[in-house]
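> could you work out the structure for the sequence below:
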Amino acid sequence: MTYGQTPFLIAAAPNGARKTKADLPNIPITPTEVAETAQKCQQAGAAMMHLHVRDDQQKHSLDVGRYREMLTEVRASVGDDMLLQVTTEAVGLYSADDQMNMIRELQPEAVSIAIREIAPGDANLYQLKSFFAFMREADIAPQFIFYAPSDVARFNQLVETGVLAGEKFPVLFVLGRYTDGQVSDPADLLAFIGTSQYISEWMLCAFGRFENACILTGAGLGGHARIGFENNHLLVDGSPAAHNAELIAQAREGGRLMGRHAATGAQAKKIMQPVW
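Modelled structure (predicted):
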């Protein structure tokens, strides 16, 4: 597609793995809260939900039972026209084996996977190849996460050696995770652009008060957006958003001004489908 014809996929990331009600009283944590948030974000322009679950102490979890409960409530809230993606984020708590075991048991429709967590330098490449083959056979759509250009290089290596067998995959560029104060800058995107021929579609997320500026820079370059309280809760005027949906609506309007219309759920599923 030429510029302006590619739908702008907005993924809502309503809570993440770290913030609690003590940090942000209006952050959605429970399945009921996230389901309500998903519905409002869908109405505001999001076509995808990036989902985390927590334990009873609001701590990050990869518990399959909790994920099933979350997915059931969110799906009932939004219907079929929204892509539901779970995370495998380790947060220093889970190993690569833990992450792979969760995906094998849950078999979600889509999952985000950090390259540096699933494929560290000492990874068992035979095991990893078998896992990726399982995902292909189970029709689980992966989105690979890059925090730095070194992650892109590792991803390229996995594809070129056949460990990750396929042609192109959707990815997420994380801007500013390891910068001072985690305040992202639109220029952070430049280090990622054009670094891999194995990327089908790319999305970005950013931290702090310039989140929306980063998102719109990406929209102008043909990318997609993950946005929400996981990374930022401030509107462009610096005031706190009362709800994740306000950040989604802001991004949708910005995308429209960049000549990009918000993707539907059906379009989101196509955008996030790898070319195996």
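> where in the protein is pLDDT low?
Residue ranges of the chain with pLDDT under 70: 1, 3-4, 178-181.
> can you give me the helices for it?
With helices called from DSSP state H, the chain shows them at 31-44, 64-78, 96-106, 115-118, 125-137, 149-160, 211-220, 244-257, 265-271.
> so which of those is nearest Val183?
Nearest to Val183 among the helices of the chain is helix 211-220; the distance by Cβ to Cβ comes to 9.3 Å. C-betas here are computed from N, CA, C, even on glycine.
> beta partners for the nearest residue to Arg209 once chain neighbours are set aside?
Of all residues not flanking Arg209 in the chain, Leu234 sits nearest, at 5.0 Å (Cβ to Cβ, 6 or more residues apart in numbering). For Leu234, the beta-bridge partners are Pro240 (DSSP bridges).
> neighbours of Leu234, how many?
With neighbours defined by other Cβ atoms under 10 Å, the count for Leu234 comes to 15.
> these two touch, right, it and Pro240?
Yes: counting by Cβ atoms under 8 Å, Leu234 sits close enough to Pro240 to count as a contact (6.1 Å).
> and for those two, which residues touch both?
With Cβ atoms under 8 Å, 6 or more residues apart in numbering applied, the contact sets of Leu234 and Pro240 do not overlap.
> if I look at Arg136, how far off is Arg226?
The spacing between Arg136 and Arg226, counted by Cβ to Cβ, to the nearest Å, is 24 Å.
> same deal with Leu164?
Applying Cβ to Cβ to Leu164 and Arg226 gives a distance of 21 Å.
> again, but for Lys129
Lys129 is 28 Å from Arg226, by Cβ to Cβ.
> rewinding a little: of Arg136 and Arg226, who's got more company?
Between Arg136 and Arg226, counted using other Cβ under 10 Å, the more crowded position is Arg226 (29 against 15).
> so who does the more buried one touch?
11-13, 50, 172, 203-205.
> what about 7 Å?
Residues near Arg226 by Cβ atoms under 7 Å, 6 or more residues apart in numbering: 11, 13, 50, 172, 203, 205.
> isn't the fifth one right next to Leu172, touching?
So that's Met203. Yes: between Met203 and Leu172 there is a contact under Cβ atoms under 7 Å: 4.9 Å.
> more crowded one of these two?
Neighbour totals were compared for Met203 and Leu172, and Met203 leads with 26 against 23 (other Cβ under 10 Å).
> list the contacts for that one?
Residues near Met203 by Cβ under 7 Å, 6+ apart: 9, 11, 172, 223-226.
> any idea how far it is from Met272?
Per Cβ to Cβ, Met203 is found 9 Å from Met272.
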